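Engineer: I would like the atomic coordinates for the input below:
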Amino acid sequence: MAIGTNKYIYFTAVAIVFHLKIIALADPDARLGEFIKKLEATEGKLYPLRHPKNPLHPYIGRPFEEGLDAQQRTKLHQMQENGTCGLDIETMIETGLLDLYPFLKPAFEAGSTGYQAKRLLIFGIIPAYSRCLHYQIRREHQLDKFAASFDPIDFDGGRLFTLTHRPPGNRGLIWDKLRSQMHGLGNLAICADYPPSIADLMTVINKPGGIRLTKQETLYIGARARHHNLLTEQEFQRAISRLKSGPTYPDYNVSLLLKARHTNILTMPHIAGYWQAACRISFSIDLEK
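Structural biologist: Predicted coordinates:
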């Protein structure tokens, strides 16, 4: 009797598993279907990642390299910092994306959709690829060699800062390239909230050849660095303690720190300086494309 019961349970379990497999095959992930539908609607046009018409737009909440293991991430960041922006880095970005969202894999592998999917991934202003280009240009123009001889770029100073700080001749051309690079870095770190670029930015804030930020912008970056675990809680609290011991520490700064640990600059209350407005303009331009 026990043997017959066990056989019944066994065959029932097999039947259930088989039935579930049939259902899975008949009802593929709806997100894949939606992705392919939006992919076809692009008609070959490239949209920034932040544009709703980019099929990858729903998946931009996490950097794609989170799908890589620690060794792969280290290799990716080395390629970025070496300015090696070829097929290898494109493949690694795609690998990270598909590990996070494996249901998208058929769209990337199919001959009818794969080419456009890959184009939108790489040319949709992916922060991981943009960081690589940032380093590539720095190396090509040897900007690190000259950066320390310039004051930090003050974008909040606008045209007046440019008129009073841009040197003449060849140094002026170098200054132009440095200014462009620092603006790109600020966009990646502050607007795109890309953790490796936040780490890059923290090394050049208010330093020669870097970026001049307001106190509130600096507080914001510190809070986002803590959010992304670029600072330990102990390091973060030490930084706050130093600020509290200063001559002024308005209550607003406390609320700014608390809020910035949970949201990005686009949804923050007013932050004094250049970058919040610049990020909103950048975002609106992306939506117009």
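
Engineer: can you list the residues that contact stretch 72-90?
Structural biologist: 65, 68, 92-93, 95-96, 118, 121-122, 128-129, 131-133, 135-140, 196 (CB atoms under 8 Å, 6 or more residues apart in numbering). C-beta: built from backbone N, CA, C; applies to glycine.

Engineer: Going by neighbour count, which residues in it are buried?
Structural biologist: By neighbour count on 16 or more other CB atoms under 10 Å, the buried set for stretch 72-90 is 73, 76-77, 79-81, 83, 85, 89-90.

Engineer: wait, which of those is closest to Arg31?
Structural biologist: Nearest to Arg31 out of these is Glu90 (CB to CB; 22.9 Å).

Engineer: average pLDDT for the helix or strand hosting that closest one?
Structural biologist: In this assignment (DSSP states H and E), Glu90 forms part of helix 87-100. Average pLDDT, helix 87-100: 93.

Engineer: what distance separates the helix or strand that it is followed by from the centre of its chain?
Structural biologist: Scanning forward in sequence from helix 87-100 by DSSP H and E, the next helix or strand is helix 105-109. Remark: helix 105-109 is offset 23 Å from the chain centroid, using CA atoms, centre = their mean, to the nearest Å.

Engineer: can you list the residues that contact helix 105-109?
Structural biologist: By CB under 8 Å, 6+ apart, helix 105-109 touches 32, 35-36, 39, 94, 98, 113-114, 117-118.

Engineer: just to revisit the earlier point, only the buried subset of the contacts of stretch 72-90, as a PyMOL command please.
Structural biologist: This is the PyMOL syntax for the buried subset of the contacts of stretch 72-90, where burial follows 16+ other CB under 10 Å:
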select buried, resi 65+68+92+93+95+96+121+122+128+129+131+132+135+136+137+138+196
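
Engineer: residues in contact with Pro55?
Structural biologist: 35-36, 38-39, 42, 117, 120.

Engineer: Show me which of those is closest to Cys191.
Structural biologist: Nearest to Cys191 among these is Leu120, at 19.6 Å by CB to CB.

Engineer: which residues of this protein score low on pLDDT?
Structural biologist: 1-28, 242-252, 289 (pLDDT under 70).

Engineer: Can you tell me how far the residue minimising distance to the centre of it is from Leu49?
Structural biologist: Geometric centre of the chain, nearest residue: Tyr194, 3.3 Å, by CA atoms, centre = their mean. To Leu49, Tyr194 is 11 Å away according to CB to CB, to the nearest Å.

Engineer: same deal with Arg166?
Structural biologist: In terms of CB to CB, Arg166 sits 32 Å off from Leu49.

Engineer: Those two - which one has more neighbours?
Structural biologist: The neighbour comparison of Arg166 against Leu49 (other CB atoms under 10 Å) goes to Leu49, with 19 against 14.

Engineer: hang on, isn't the more buried one packed against Pro63?
Structural biologist: No - in this structure Leu49 lies outside contact range of Pro63 using CB atoms under 8 Å: 11.2 Å.

Engineer: I'd like to know which of the contacts of helix 105-109 are buried.
Structural biologist: 32, 35-36, 39, 94, 98, 113, 117.

Engineer: Identify those among those that sit within strands.
Structural biologist: Under the assignment DSSP state E, those contribute nothing to strands.

Engineer: The stretch 51-200 of the chain: helices as residue ranges?
Structural biologist: Ranges of helices within the stretch 51-200 of the chain are 70-82, 87-100, 105-109, 114-123, 127-140, 143-147, 158-165, 169-186, 195-202, based on DSSP state H, counting those that start in this stretch.

Engineer: out of these, nearest to Glu235?
Structural biologist: Of these, nearest to Glu235 by CB to CB is helix 195-202, at 11.1 Å.

Engineer: Following element in sequence after that closest one, please.
Structural biologist: helix 215-227.

Engineer: Can I get that following helix in PDB, CA atoms only?
Structural biologist: What follows is helix 215-227 as a C-alpha-only set of coordinates in PDB (Å, rounded to 0.1, in the frame of the first residue of the first chain):
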ATOM      1  CA  LYS A 215      28.800  73.800   0.800                       C
ATOM      2  CA  GLN A 216      25.300  72.300   0.200                       C
ATOM      3  CA  GLU A 217      26.500  70.600  -3.000                       C
ATOM      4  CA  THR A 218      29.400  69.100  -1.100                       C
ATOM      5  CA  LEU A 219      27.000  67.900   1.600                       C
ATOM      6  CA  TYR A 220      24.800  66.300  -1.000                       C
ATOM      7  CA  ILE A 221      27.700  64.400  -2.600                       C
ATOM      8  CA  GLY A 222      28.800  63.200   0.800                       C
ATOM      9  CA  ALA A 223      25.300  61.900   1.500                       C
ATOM     10  CA  ARG A 224      25.100  60.100  -1.900                       C
ATOM     11  CA  ALA A 225      28.500  58.600  -1.300                       C
ATOM     12  CA  ARG A 226      27.200  57.100   2.000                       C
ATOM     13  CA  HIS A 227      24.100  55.900   0.200                       C
END
